[in-house]
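[1] Dropping a prediction and its sequence here:
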Amino acid sequence: MGWQLQEFYSEEDCSRGDISYRKAAVFKEAYGYLIIFMQDGTIIEERIVPDTKDNSEEYAITEARNWVNGIT
């Protein structure tokens, strides 16, 4: 695994209700970026974002932040 750029957490542990605790981490890899999405301690998805003119570090970080905030 490459170098970790950012890590995001939901603001509170909501495991008692309908909303689950979420975490996302963004890593810089040789091929681009790896985003790991977790919910209640379980990896839900590992998404590869190729480093192209349309996909950047900012895009990967936005995807991770949106996951934690329940937008995606």
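    Structure's in. What do you need? Residues are numbered from 1 along each chain as shown.
[2] alpha carbons only for contacts and neighbour counts from here, please
    Will do.
[3] Helices of this structure, residue ranges please.
    57-68 (DSSP state H).
[4] so where is it shaky, pLDDT-wise?
    The model of the chain has pLDDT under 70 over residues 12-19, 72.
[5] Would you map the strands across it?
    For the chain, applying DSSP state E gives strands covering 3-9, 22-29, 32-39, 42-50.
[6] quick one, the longest one and strand 22-29 angle?
    Using axes from the mean of the first three to the mean of the last three Cα atoms, to 10 degrees, the interaxial angle of strand 42-50 with respect to strand 22-29 works out to 30 degrees.
[7] helices or strands next to strand 42-50 in the packing?
    Helices and strands touching strand 42-50, by 3 or more Cα pairs under 8 Å, 6 or more residues apart in numbering; DSSP states H and E, are strand 32-39.
[8] Partner strands of the strand it packs on and their direction?
    Strand pairing for strand 32-39, using DSSP bridges, gives strand 22-29 (antiparallel), strand 42-50 (antiparallel).
[9] Tell me the buried residues in the first one?
    Judged by neighbour count using 16 or more other Cα atoms under 10 Å, the buried positions of strand 22-29 are 22-29.
[10] can I get the residues you listed in JSON lines with distance to I36?
    Below are these laid out as JSON lines (distance: Cα to Cα, whole Å):
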{"residue": "R22", "distance to I36": "11"}
{"residue": "K23", "distance to I36": "8"}
{"residue": "A24", "distance to I36": "5"}
{"residue": "A25", "distance to I36": "5"}
{"residue": "V26", "distance to I36": "7"}
{"residue": "F27", "distance to I36": "8"}
{"residue": "K28", "distance to I36": "12"}
{"residue": "E29", "distance to I36": "13"}
